[in-house]
Every structure is written in C-alpha cells, then in structure tokens.
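> Task: produce atomic coordinates for the following.
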Amino acid sequence: MDGFDNKTHQEQHNAGGIADPSLGKANDANLAASSKGSSVLGSDLEQALNQTLSVDEKAAAPAATVGVDDHDHAPKVGPFDLHVDLNNVADAKTLNAKQVGKQGSFEGSFGDKGDFLNPGGGNNTVIAGGGNDVIRGSGQGLNTITTGTGKDTIILGKETTNRIFDFDPTNDRFVLQGVNPKDIIIAQGKNPGKGGLEQPLDSVNNALIIDKREGHILASLTFAKASDINESHFSRLTGEANQSLKNEELKADGFKNQRGDGQLNGSLGHDRLIGGKGNDFLYVGDDGFKFETAKGGGGTEFPFKTDSPGTSELTPTLKNGVLSFTGSYKDFDGAPLFSQGEKEL
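Reported below is the predicted structural model:
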C-alpha cells in the first residue's frame, strides 16, 4: 500500500478544503435537526439487529442509544481523540446511500482459514490471520486492528472507533451496523502530529470513516487514502448476516468457539473469538503474517510502503502476539510506524 509524502499532501489539503458544502458551519442547524431523526431511526434499527445476535455476542454488545443528546463526548481514550471536527478534515465526501447494498449471510465467505473476531467493548487489540476474516468493531470501545492478509470485513458500529493498520482497499471492506449510510463521511485527516504507533487518529497519513452526526471516528485507516474509499467498500448489516455469525451456524462449518475477557488465542483453523466488556486481546496466531527484512529506501518503510526518500534496515518479528522490530530509520519525510522509538506493538 503506497503511503504519503506529508508536505505535498498537506499543501493539497490547504488548497482543497471541505468538498461537501453540507459540512460547513452555515448548515449546522439543519444537520443537527436531521441527525436527531436519523439517530432515532438508527437506534430502532440497531435494536432490531441486536435481537438477531447470539447470546454470547449480546453479552458483549452495548445498549443501543436513543438520541443525539445521549452521545458520550469523552474526548480521549489514552492519547487518542475519538472525535474530529468536520471543518478540520480534508477531501470530505458523503456516501450515496442508494449505492450501498445489504450484507447477506457470511456463509461461504471465510475461505479455508478465515476467523470471526468480536472484541466487544473496552480498549482492545485484534490481530487477525491470513484468511478471509470478519471483525466486529461495534462494541463502543477503541479497537486496534491488524487484519492480516486475505479479504477481510470490518463491521463498524456507532460510538466505536477502529484503528486499522493495514486496510487494503483492493480486498477489504466495511459493513455498517446501526449506522445510516447517509451519515457516513469519508475524509483525509489533517493533523500534522508526530508519527509512530501513537500518531493521532486524524493524522494527515490516515483516511477516516466518520459518523457525521457526532463527528465520531468510526475507523482510522493508517497510511490509506480517502480517495481510494467509496460506496463499493460498504454494505449494511442484516439480520441474516448476524444469524450466520452465531456459534451454532459457524460450528457446523468447523469453527472453534472461545469466549471471555482477556487474551483469547485462536488455532490454525477457523476460530470464533468473542471478547467481553473489558479490555481484550484477540489473536489467531503468528502464522498469518510473512515479513521480510526491509532494507533500502523509498518503498521499504515498515510495515507499509511510502513514497518518501528515507532509508531503513528493519527486521520485524511477530511472536506470541507481540510485533517487534530491530533496526533503524533515517531521513524520512513521512511518519511510518515505529518512527518514534517504539520497539513493539
């Protein structure tokens, strides 16, 4: 995945501004009025969808909110601000809801080694594997996600932020749970803050999926471009889709089920891992990733290629769920992960 030249990108932002006129301050009153209506409708939809969840997923699911005034405006989780002012993003665009289809059953979509991962609420880490995975990022927490290879699906829900390190617009996609496609904004961050593992969610390096009713960041896609994300990457969750993720349905396809708080470790085959309401670590194994030593300049910045001229010599290792590296960076214009002296993830 190609990254960014920060200087060039920021110049484009300063020249471009917000593309959608409905995001301007002059329309704030109209936005608020229409948002309350869509919020109530969204709550009804979410409650209906929650009725189709399995018992263990209901235990991890948050209670549905009923209105815009019920939003929790807690500004941060650790160093991360989960909200963004829509006047402080670039290249903003809305979805054409008519072009967003419905997600039917997930049966048959997991391939040979895909997993279903639901971290629930809390501040969670999800490391998926090399198959076609489904990750439910709708538990009203903060999820740090590495999808691995394969064609992966991330379920986005309101009041939940998903920090995704390796979203691939060619293969990966989103499913909206209880969120109206009309309320989705796709934009590029403008925050010039430092890079590294704790770079701001709205970093200039990141594409953002935003719930415009609250300015809540539903997904921050590290080193991705908003221009690469469109309606084809989205669908709406259905009861049929939820039904297909229940334990009894997946068990028939050979899935091994685990549920609980803390660390849940998967197997070499299909896994269904359901976290609790606390902070969870869902991890399906080291075998889903293949790394080579990044040595040289240009496109070797670990773990994502960028077009900056810096040089690197890094040896990444994933063992027992810990991603670490040895080596060094020099003269980078961009802000790659591990550029601030971090040693492991």
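> so what strands line up beside the strand or helix carrying K102?
Using DSSP states H and E, K102 maps to strand 101-103. Strand 101-103 pairs in its sheet with strand 234-237 (parallel), by DSSP bridges.
> what mean pLDDT does the strand it pairs with have?
Average pLDDT, strand 234-237: 98.
> if we can go back for a sec, what pairs with the helix or strand just after the strand holding K102, parallel or antiparallel?
Once the chain leaves strand 101-103, the next helix or strand it forms, by DSSP H and E, is strand 116-118. Note on strand 116-118: by DSSP bridges, its sheet partners are strand 134-137 (parallel), strand 271-274 (parallel).
> averaging pLDDT over each of those strands, which comes out lowest?
strand 271-274 - the lowest mean pLDDT of these, at a mean of 64.
> List the buried residues of the strand holding K102.
For strand 101-103, a neighbour-count test (16 or more other Cβ atoms under 10 Å) marks Q103 as buried. To be clear about C-beta, it is placed using only N, CA and C from the backbone, and glycine gets the same treatment.
> Run through the helices of the stretch 101-250 of the chain in chain order.
Assigned by DSSP state H, counting those that start in this stretch, the stretch 101-250 of the chain shows helices spanning 239-243, 247-251.
> out of those, nearest to A128?
Between A128 and those, the tightest spacing by Cβ to Cβ is seen for helix 247-251, at 15.4 Å.
> In the closest one, which residues are buried?
Across helix 247-251, burial judged by 16+ other Cβ under 10 Å covers 247, 249-250.
> Now tabulate these in JSON lines and tack on pLDDT and distance to I135.
Output for the buried residues of helix 247-251, formatted as JSON lines (pLDDT from 0 to 100; distance: Cβ to Cβ, whole Å):
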{"residue": "N247", "pLDDT": "85", "distance to I135": "17"}
{"residue": "E249", "pLDDT": "88", "distance to I135": "17"}
{"residue": "L250", "pLDDT": "85", "distance to I135": "14"}
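> Just confirm K158 contacts L176, I think it does.
No: under the criterion of Cβ atoms under 8 Å, K158 makes no contact with L176, lying 9.2 Å away.
> just checking, K113 touches A128?
No: counting by Cβ under 8 Å, K113 sits too far from A128 to count as a contact (10.3 Å).
> Compare those two (neighbour count), which wins?
Of the pair K113 and A128, A128 is the one with more neighbours under other Cβ atoms under 10 Å, namely 31 against 22.
> Report the contact partners of the more buried one.
By Cβ atoms under 8 Å, 6 or more residues apart in numbering, the residues touching A128 are 115, 117, 135, 145-148, 150, 152, 284, 288.
> Cheers, nothing more for now.
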